[in-house]
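In: make a model of this:
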Amino acid sequence: MIEAIYIAPEDGSEQVCLDAADLVKGKGIVGDRYFGRIQAPGQSISFIEQEEIENYNRAHAQTIPLSATRRNIITKGIRLNDLVGKEFVIGDVRFIGIELCEPCETLGSQLANEAIDKKDVVKAFLHKGGLRAEVLNDGQIRIGMKFEGSE
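Out: Numbers count the residues shown, from 1 in each chain. Modelled structure (predicted):
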């Protein structure tokens, strides 16, 4: 299920939480910094499991908010790693999982603090950083919508 939807209107800008988002095939989320700037498959939209953010906070005595990973869609109750190479549907929008959204040095730098350095942040989110996907048709998604299918 979708727990939260975020966009950043410009590079480096704060994440903005939305109740609903309009998606365009091959371009991503309307209003997001990457909309229409797709240069390779898997750059349309990113997902991360709320459970992995909560696990990180618990394991490392942190309190990062859901928006801190800068992923677009926060999910609950779905194993995103299992969707690599598979089509899935949310509402009337179809997606295909392209690759894991592995953590980068930028994420490490943004989340590092006196209790955890950037290298350990990256290590903590390795294979748990979410999913990069392609939007396969135009439509809208909203908080509370569930994932359907994974074929």
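
In: so which helix or strand takes in the most centrally placed residue in the chain?
Out: Centroid-nearest residue in the chain, with C-alpha atoms, centre = their mean: F47, separated by 2.5 Å. For F47, the host element (DSSP states H and E) is strand 45-49.

In: what's that strand packed up against?
Out: On a contact count with 3 or more C-beta pairs under 8 Å, 6 or more residues apart in numbering; DSSP states H and E, strand 45-49 meets strand 73-75, strand 131-135. Every C-beta, even on glycine, is put in place using the N, C-alpha and C of the backbone.

In: for the ones you listed, give me TSV that also has mean neighbour count and distance to E52.
Out: Formatted as TSV, the helices and strands packed on strand 45-49 follow (neighbours: other C-beta atoms under 10 Å; distance: least, C-beta to C-beta, whole Å):
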stretch	mean neighbour count	distance to E52
strand 73-75	24	10
strand 131-135	24	11
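
In: any idea which of these gets closest to Q39?
Out: strand 131-135 (12.4 Å; C-beta to C-beta).

In: the closest one vs strand 45-49, what angle?
Out: 140 degrees (axes from the mean of the first three to the mean of the last three C-alpha atoms, to 10 degrees).

In: note down every partner strand of strand 131-135 and its orientation.
Out: strand 45-49 (antiparallel), strand 93-100 (antiparallel) (DSSP bridges).

In: ok, how many other residues are close to the nearest residue to I98 once chain neighbours are set aside?
Out: Spatial nearest neighbour of I98, chain neighbours left out: G42 (3.2 Å); criterion: C-beta to C-beta, 6 or more residues apart in numbering. G42 has 18 neighbours, counted by other C-beta atoms under 10 Å.

In: how near is G42 to I78?
Out: 18 Å (C-beta to C-beta, to the nearest Å).

In: ok, H127 next?
Out: Taken as C-beta to C-beta, the span from H127 to I78 is 16 Å.
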